[in-house]
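Participant: Quick check, what structure comes out for this input:
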Amino acid sequence: MSLLKKTTLVEEILLKLSQVSTIPNEGFLAGGAVANILLNMKWEDNYPINDLDIFVESEQNKEVFTPLRTGSLIISSEYNGFGMSYDHGSNYRILDVTRDGMLNWIYISKVRDRENIKNYQYILKGFDFNCCQVGIDLSNNQLYYTPEFEVFMETKQLEITAIYTPAHTAIRLFKKIKELQCYCDIDKCMELLSQPLIYKTQAQLSPRHFGFYFSHKYTDMYREYYPQLKPFFKMIRFFDHKKKLWETREQCMNITEVEDKEHAANWLDPTRSIPEELLEKWASYNDIMWTLTPIKHIIPNKEISHVLEGVNYNPLTFINSYKIIKGKMKKSLIKKAKMVMENGNFTKTIGLIYPEFYNCDFTISHIKVLEEEMDRNNFIQLFIIKFGLNLQESINFCINLQQIFNKEGEWIAPILNRVLDECNPIIKPTYEKMVEFIYREKEKMGKPLIKPLDLSNIKLPSHITIKEIVCECDLNWAGTKLKNCLNDPAQKYTEKIKDGKSRVFIIMSNKSYSAIEFHPQDHLIYKEIQLLSSCNKKPSLYHRIIGDILINELNMQILKDGYEKKIKYYNDIILLNNGLLQTVPDEKTDKNDVSYNIGRQNDPIIFGMPEEVEEDEPLIWADVPEIEIDEEEEDIEVELEEPVRTTLGDLDALQELREQITRQRSTE
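Facilitator: Numbering: from 1, shown residues only. Down below sits the predicted model:
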């Protein structure tokens, strides 16, 4: 039975390490301490325990300038790789490192968990050597290790598993060989580590992918292992390296010089001259940062360059191209890998990031089919990597996608893209699952954002259709159909339509599609904002005429609706006054007071309480029909029965009703 499968293994490891330091209850104890105990148990030799590295996920939101680290990023022993990051899968930043005796507490903040890794496995994937890729989750005493570490336990053959910090790794390689007394093909490892450090190659690399510079700790280590490193590398100061790299970059960009090298055109050229502020920054690092430059392997490896042709150079593609050309994988996979490298473009990139992609049966025709599908829908490439699909599974994925597009239409692609992006990577995207995801999303997005306008009065030829966008599904369909920004969340059309700030209509005819946008102006008129055809092109005259018909019909409807509301308002007032007329007696005005006021605001008969009626006396409503007022209703109908005799208090109540109606109409 393999030692790594032993049931009491974790207990034995922790018992041995407890003799060195107190073991805490939380965190991830990983790296050399655990690995060396296992090597001791396997090979019965003495392997040093220098310190215990414990990783702790922290919730604190601390602003740091450490690199964004991922599941494939190297964790160097000094924990300060300079300017390196790579956005792939789960990633995190180191917030702080503290030392407590033999314990190194490494506080990390997980920035993204796209792979939905719920354990500490993503940290192990980033270690630069196979001999370190093992650790224990102290909260549950669970052991984690990589397949590469399992091979090392059996063979003691040291291999490089990541090259994010090639200079660090080159120095540490000899330190590991000395400590572990293991085997290593040094020349091949040095050739691999030299590739990103060659000036011509380095000038084309993104500095956020690699960490090239180290400080005093590695400077001392370089001097210690100088005899072993001397044939392969020399150490160079930060400033000198940057200056040489700038010159190489100039050559790679084919910047031509004028014949007179002293001519101002040379030293004033901003693409040739190093900016002063950059020189000052380099000078500040010159006495604290160094790197290595190759001596033996100074020419880019032709086989690696051939494999990486047309592909972005990054640590993952470098290490996987090296494994292919050097046979660092199963022989059955090397032939398949080379088939993908020679016949693919999108598939080639996938294979260099995710080698399990070609671990299946396939032919060249399968590669070509997949290439065509990814050329039409570039998001396919992302989900093949996310869900860990091999080439054969990817073909089935594309077939299922095509079935969905045939059923729903191409417009469903953005919705499907979003739900797959949010989906747990463990749940494979089968046809049934994708249909289920789409159904849920469409149900949620199909709810109306606003009540649609009535277009029934617009008379157009039968081959012309006008559709108002009233829900998120409509926006996705329209944005995809017209290839514009309607379905771009940044444009916030969902919010603008929901708030009534924008009305969008799609005009469809036999020859073309277009979208027209209106903004309501104080509820009195619609103002046209834009009318554009597919890809934001200028619309045809035919659609321009349809757009004019639409906006004029809508504005005419607004005018008509407003006119009818006014007519209704005046009719209500007349009806109310007719009711009042039947209850008020026709009296002489001989004895009335003389009034010089304009208007009737001081009329005691109509607006005031008569002197002979006490304020506390209840009003008499026995013979007056009850009238209910609903302020939300636009149309108010007042029904009066046979004329009845009322008191002056009744007149006040009727007048109050009249005022209420008048106030309601004025607010409308």
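Participant: make it CA atoms for all contacts and neighbour counts henceforth
Facilitator: Fine.
Participant: Let me know the distance separating the residue in the chain sticking out farthest from the centre from residue 572.
Facilitator: Using CA atoms, centre = their mean, the residue of the chain lying farthest from its centre is residue 590. It sits 84.9 Å away. Distance, residue 590 to residue 572, by CA to CA, to the nearest Å: 32 Å.
Participant: And for residue 210?
Facilitator: To residue 572, residue 210 is 80 Å away according to CA to CA.
Participant: More neighbours: the two, which one.
Facilitator: residue 210 (26 against 19; other CA atoms under 10 Å).
Participant: distance of that one from residue 197?
Facilitator: From residue 210 to residue 197 the distance is 10 Å (CA to CA).
Participant: Check residue 248 too.
Facilitator: From residue 248 to residue 197 the distance is 12 Å (CA to CA).
Participant: swap in residue 433?
Facilitator: Relative to residue 197, residue 433 is positioned 46 Å away (criterion: CA to CA).
Participant: How far away from the center of its chain is stretch 415-435?
Facilitator: Chain-centre distance of stretch 415-435: 16 Å, with CA atoms, centre = their mean, to the nearest Å.
Participant: Quick check: mean pLDDT of that stretch?
Facilitator: Taken as a whole, stretch 415-435 has an average pLDDT of 87.
Participant: Can you give me the buried ones in that stretch?
Facilitator: Residues 415-416, 420, 423-425, 428-429, 431, 434-435 are the ones in stretch 415-435 that count as buried (16 or more other CA atoms under 10 Å).
Participant: and if you look at stretch 472-488?
Facilitator: Here stretch 472-488 shows 472-482, 484-487 as buried, counting by 16+ other CA under 10 Å.
Participant: where's the strand or helix carrying residue 317 relative to the chain centroid, distance-wise?
Facilitator: Assessed by DSSP states H and E, residue 317 sits inside helix 315-325. On the basis of CA atoms, centre = their mean, helix 315-325 sits 28 Å off its chain's mean C-alpha point.
Participant: buried set for that helix?
Facilitator: Of the residues in helix 315-325, those buried (16+ other CA under 10 Å) are 315-324.
Participant: cool, and stretch 360-378?
Facilitator: In stretch 360-378, counting by 16+ other CA under 10 Å, buried: 362, 367-368, 370-371, 373-374.
Participant: Give me the contacts around that stretch.
Facilitator: 339-340, 343-347, 380-381, 390-392, 394-395, 398 (CA atoms under 8 Å, 6 or more residues apart in numbering).
Participant: Just read off the phi/psi values of residue 364.
Facilitator: Dihedral pair for residue 364: phi -60, psi -40, per degrees, to the nearest 10.
Participant: ok, it to residue 26 distance?
Facilitator: In terms of CA to CA, residue 364 sits 50 Å off from residue 26.
Participant: cool, residue 298 as well?
Facilitator: According to CA to CA, residue 298 and residue 26 sit 46 Å apart.
Participant: ok, now residue 588?
Facilitator: Per CA to CA, residue 588 is found 100 Å from residue 26.
Participant: Packing partners of the helix holding residue 317?
Facilitator: Applying 3 or more CA pairs under 8 Å, 6 or more residues apart in numbering; DSSP states H and E, one finds that helix 315-325 contacts helix 302-307, helix 331-343, helix 346-353.
Participant: Please repeat the previous calculation with a cut-off of 6 Å.
Facilitator: Helix 315-325 sits against helix 346-353, with contacts defined as 3 or more CA pairs under 6 Å, 6 or more residues apart in numbering; DSSP states H and E.
Participant: what residues does the helix it packs on touch?
Facilitator: In this structure, residues lying in contact with helix 346-353 by CA atoms under 6 Å, 6 or more residues apart in numbering are 316-317, 320, 340-341, 357.
Participant: try it again with 8 Å
Facilitator: 311, 316-317, 320-321, 337, 340-342, 357-358, 367, 370-371, 374, 381, 384-385.
Participant: one step back: could you save the buried residues of stretch 415-435 as a markdown table and add columns showing distance to residue 461 and secondary structure?
Facilitator: As requested, the buried residues of stretch 415-435 are exported to a markdown table (distance: CA to CA, whole Å; DSSP: H, G, I helix; E, B strand; the rest coil):
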| residue | distance to residue 461 | secondary structure |
| --- | --- | --- |
| 415 | 33 | helix |
| 416 | 35 | helix |
| 420 | 41 | helix |
| 423 | 45 | coil |
| 424 | 49 | coil |
| 425 | 50 | coil |
| 428 | 48 | coil |
| 429 | 44 | coil |
| 431 | 40 | helix |
| 434 | 39 | helix |
| 435 | 36 | helix |
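Participant: Tell me the one of these nearest residue 2?
Facilitator: Taking CA to CA as the measure, residue 425 is the one of those closest to residue 2, at 30.3 Å.
Participant: roughly how far apart are that closest one and residue 382?
Facilitator: Residue 425 is 12 Å from residue 382, by CA to CA.
Participant: and if you look at residue 228?
Facilitator: Look at residue 228 and residue 382: by CA to CA, they are 42 Å apart.
Participant: For the residue nearest to residue 242 when sequence neighbours are not counted, grab the count of nearby residues.
Facilitator: Once flanking residues are discounted, residue 242 sits nearest to residue 282: 7.5 Å by CA to CA, 6 or more residues apart in numbering. For residue 282, the neighbour count with other CA under 10 Å is 18.
Participant: before we move on, back to that, buried ones among the contacts of stretch 360-378?
Facilitator: Taking 16+ other CA under 10 Å as the criterion, what is buried in the contacts of stretch 360-378 is 339-340, 344-347, 380-381, 390-392, 394-395, 398.
Participant: What sits closest to the spatially most central residue of the chain if chain neighbours are left out?
Facilitator: By CA atoms, centre = their mean, the chain has its centre lying nearest to residue 421, at 8.8 Å. Using CA to CA, 6+ apart and skipping residues adjacent in sequence, the residue nearest residue 421 is residue 383, 7.7 Å away.
Participant: relative orientation of the helix or strand containing that neighbour and helix 346-353 in degrees?
Facilitator: Using DSSP H and E, the element containing residue 383 is helix 379-386. Per axes from the mean of the first three to the mean of the last three CA atoms, to 10 degrees, the angle that helix 379-386 makes with helix 346-353 is 20 degrees.
Participant: Next, the buried residues of helix 379-386.
Facilitator: 380-381, 383-386.
Participant: likewise stretch 10-17?
Facilitator: Going by neighbour count (16+ other CA under 10 Å), the buried part of stretch 10-17 is 10, 13-14, 17.
Participant: do stretch 284-295 as well
Facilitator: Neighbour counts over stretch 284-295 (16+ other CA under 10 Å) mark 286, 289-294 as buried.
Participant: Could you pick out which of the residues you listed are located in helices?
Facilitator: Assignment to helices by DSSP state H places none of the buried residues of stretch 284-295 there.
Participant: Pick out whichever of the residues you listed sits closest to residue 499.
Facilitator: Distances from residue 499 to those, taken by CA to CA, are shortest for residue 289, at 56.5 Å.
Participant: Identify the residue spatially nearest to that closest one, adjacent ones excluded.
Facilitator: Nearest residue to residue 289, sequence neighbours excluded (CA to CA, 6+ apart): residue 215, at 4.8 Å.
Participant: dump the residue contacts of the one you found.
Facilitator: Counting by CA under 8 Å, 6+ apart, residue 215 touches 288-290.
Participant: Show only the entries of those found in strands.
Facilitator: residue 290 (DSSP state E).
Participant: Can you list phi and psi of residue 473 for me?
Facilitator: Main-chain torsions, residue 473, degrees, to the nearest 10: phi -60, psi -40.
Participant: Ok, the one 10 residues further on next?
Facilitator: Note on residue 483: its backbone torsions stand at phi 50, psi 50 [degrees, to the nearest 10].
Participant: Look up which helix or strand the residue nearest to the centre of the chain falls in, please.
Facilitator: According to DSSP H and E, residue 421 maps onto helix 413-422.
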